[in-house]
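>>> Sequence first, then the predicted structure:
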Amino acid sequence: MHNITQLSHSFGATATFQNVDLSIEQGEIVSLLGQSGCGKSTLLRCIAGLETPKNGEITIQNNVVFSSKINVQPGKRNLGLVFQDYALFPALTVRRNVGFGLKRIDEKRIDELLDLVGITECADRFPHQLSGGQQQRVSLARSLAPKPQLLLLDEPFSNIDAHRKLELGQEIRRIVEHQKISAVFVTHDQVDAFSLADRVAVMTQHNGSGTIVQIESPHVLYNNPISPEVARLTGACTFIDGTLTEDSIVETCLGKIAIQGASVSDKRNVKVLIRPENLCFNANVSGNVVIGMSCCTGPGFQLIVDVGPTRFRIPHPTYIPKGTRGTIEVLAPCLSY
């Protein structure tokens, strides 16, 4: 178990984040998801010992590495750190870069790591001879060399081609499970966070400083965001105004919509969260909406439909021409705020 308790950090008089609490189970992967400037990378650097918090406590495998009385040096925290820019030594081969993380050269351990991350054939190459994905694998292998208890990854996919992200993410998960360690990784990309993490901690700015506002499994977080801000950070969405007319029914520009858990005793004016996959376009010559655009997404199409000032993006399996009339159906009860 690894714990961050009531941790705060500031740059001079400017608070970066305040009173952050986070627990990471052994073998668990946790993502810190948030917009730039919310403090997520600084939080990671505090865990690593590269930044000094203002107050709070950090424990790694139940050993205190930071408190009001203790501040263990980065190299003694038993952590692995993967930077977004790889931070490889250009004059060293892949093999020597990986071995740099060891107190003494252990060729057997280096060979094991090269095989683990799938770059054995690159052992004698230099960083400039590798693709971005290969360099990231070298950085990962080097961070794993000393057998850390916790792996920290700062925007690990920021320099990776989109089609390589999922592959590398699955590889990281396999390696974390194989090495029986935990991991925390920072990202601003919801897809990266959801595809790799067991739990996602959403960080936002509140009163000028960052804080964790919700931490859940990807499925729970996507379907039950606690606020509109969290909803926007966790996936595509549109908000529409509505008036609560009866228990769990709201009158909107899309007609009457069922919402989750609301009653007429709650506030009457609400904002309704609409996820794209919760909508369906039904072609009908007498319909009151018109397709403005039909965009190919690869496996299907996205229909762009304007209803008054609000634009909806509706997934559809087949092409429907611009100008087609129809109606929009809401397929399931929605959240409201």
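Received, thanks. Keep in mind the model is a prediction, meaning the values are calculated, not measured. Numbers count the residues shown, from 1 in each chain.

>>> For S67, see how far away G300 is.
The gap separating G300 from S67 is 53 Å, by CB to CB, to the nearest Å. The C-beta positions use only the backbone N, C-alpha and C, and glycine is treated the same way.

>>> What of P317?
For P317, the distance to S67 - CB to CB - is 56 Å.

>>> next one: Q260
Q260 is 42 Å from S67, by CB to CB.

>>> Report the contact partners of the residue nearest the centre of the chain.
Nearest to the geometric centre of the chain sits A193, at 2.7 Å (CA atoms, centre = their mean). Counting by CB atoms under 8 Å, 6 or more residues apart in numbering, A193 makes contact with 31, 33, 187, 200, 218.

>>> Report the beta-bridge partner residues of the third one.
In this entry, T187 is beta-bridged to L33, by DSSP bridges.

>>> Can you give me the domain boundaries for this protein?
2-78+148-234, 238-336 (automatic domain parsing).

>>> From one end of the shortest one to the other, what's the distance?
Criterion CA to CA, to the nearest Å; first-to-last residue distance in domain 238-336 is 12 Å.

>>> likewise the longest one?
Length of domain 2-78+148-234, first residue to last, CA to CA: 25 Å.

>>> one step back: any idea which of the domains of the chain is most buried?
Of all the domains of the chain, domain 2-78+148-234 carries the top mean neighbour count, a mean of 18, counting by mean count of other CB atoms under 10 Å.

>>> Looking at that domain now, give me its mean pLDDT.
Average pLDDT, domain 2-78+148-234: 91.

>>> cool, stretch 290-301 as well?
Here the average pLDDT along stretch 290-301 is 94.

>>> just to revisit the earlier point, once you drop chain neighbours, what's closest to the residue nearest to the centre of the chain?
S31 (4.0 Å; CB to CB, 6 or more residues apart in numbering).

>>> wait, which of the contacts of A193 is closest to T252?
Nearest to T252 among those, counting by CB to CB, is P218 at 27.7 Å.

>>> Might one say that the closest one is in contact with V191?
No - assessed by CB atoms under 8 Å, P218 is found out of contact with V191, at 10.1 Å.

>>> The closest residue to K180 other than its chain neighbours in helix, strand or coil?
In space, K180 comes closest to G27 once its chain neighbours are excluded; the distance is 6.3 Å by CB to CB, 6+ apart. Secondary structure, DSSP: H, G, I helix; E, B strand; the rest coil: G27 is coil.

>>> and the two most separated of the contacts of A193?
Farthest pair in the contacts of A193 (CB to CB) is T187 and P218. Separation: 12.3 Å.

>>> Phi, psi for the closest residue to S67 other than its chain neighbours please.
Take S67 and drop its neighbours on the chain: the residue closest to it by CB to CB, 6+ apart is E57, 4.6 Å away. Taking degrees, to the nearest 10, you get phi -150, psi 140 for the backbone angles of E57.

>>> show me what contacts E57?
3-7, 64, 66-67 are the contacts of E57 under CB under 8 Å, 6+ apart.
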